[in-house]
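Enquirer: Below: sequence and its predicted model.
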Amino acid sequence: MTKPNAESCERNRDPILTVIEPLLADRRAVLEVGAGTGQHAVYFAERMPHLIWYASDRAQNHEGIRSWLGDAGLKNVAGPFDLDVRQERWPNVEVDAVFSANTAHIMHWDDVTAFFAGVGRILESGGIFLLYGPFSFAGRHINESNARFDLRLKDKDPLMGVRDFDDLNRLAEAAALEFVHDYAMPANNRILLWCKR
């Protein structure tokens, strides 16, 4: 098959790497939730060879992920693992970090709730959760571009949308995740960092 290629991955991978590389310097293994095409898994695993990078997604995306992982031939990438965030049993892997990019706004809210609960279950104390994407704060979009993006998402599916930090942080607290930092990123995105208590 022709490898899937997401232009957004090409654009955002270096800014993301700049933030996550030092945060993952003392980590052993990362579960990527919603690996999509597999591009991020390959790019980040190649540049952080001390990590085992577990790529996971729903089954319909596995063929594309396999093509990226197969061509790269990296020994520190595993998967794709089958993961729908609503399933009670997540992949049986030991990780001290979870990473996800551009997922929360395309999930329905029930899925987002299940996502945070699952992260809370899979991480041990001291584990970190890195979530990349667009977010609003205190019920307000950070700019008009994100407000328009939110409307486009809701036109496509009323249950999708840019998620508000306060709502996400309530889910995080219920999952024993403590907010640590908000990193501003290009193109009106952020990386939110939580740590498991």
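Expert: Received the coordinates, thanks. Residues are numbered from 1 along each chain as shown.
Enquirer: contacts, neighbours, all on C-alpha from now
Expert: OK.
Enquirer: Got the confidence number for T2?
Expert: Note for T2: predicted pLDDT of 77.
Enquirer: The residue nearest the centre of the chain in helix, strand or coil?
Expert: Here the mean C-alpha position of the chain is nearest to the C-alpha of S100 (C-alpha atoms, centre = their mean), at a distance of 0.5 Å. Under DSSP: H, G, I helix; E, B strand; the rest coil, S100 falls in the strand class.
Enquirer: Strands of the chain, start to end?
Expert: Residue ranges of the strands in the chain, as given by DSSP state E, are 29-33, 52-57, 77-82, 97-101, 128-133, 135-136, 163-164, 177-184, 190-196.
Enquirer: L74 reaches E46, doesn't it?
Expert: Yes - the criterion here is C-alpha atoms under 8 Å, and L74 meets it with E46 at 7.0 Å.
Enquirer: quick one, which of these two is more surrounded?
Expert: Neighbour totals were compared for L74 and E46, and E46 leads with 18 against 15 (other C-alpha atoms under 10 Å).
Enquirer: quick one: contacts for the more buried one?
Expert: L74 (C-alpha atoms under 8 Å, 6 or more residues apart in numbering).
Enquirer: what does the model give it for pLDDT?
Expert: 98.
Enquirer: okay but N102 is in contact with Y132, surely?
Expert: Yes - taking C-alpha under 8 Å as the definition, N102 is a contact partner of Y132 at 6.0 Å.
Enquirer: what about the two, which has more around it?
Expert: Under the criterion of other C-alpha under 10 Å, the comparison of N102 against Y132 puts Y132 first, with 22 against 18.
Enquirer: what separates that one from M160, distance-wise?
Expert: Between Y132 and M160 the computed distance is 16 Å (C-alpha to C-alpha, to the nearest Å).
Enquirer: Output the below-cut-off pLDDT ranges for this protein.
Expert: 1 (pLDDT under 70).
Enquirer: Output the longest helix belonging to it.
Expert: helix 7-23 (DSSP state H).
Enquirer: Alright, calling it a day.
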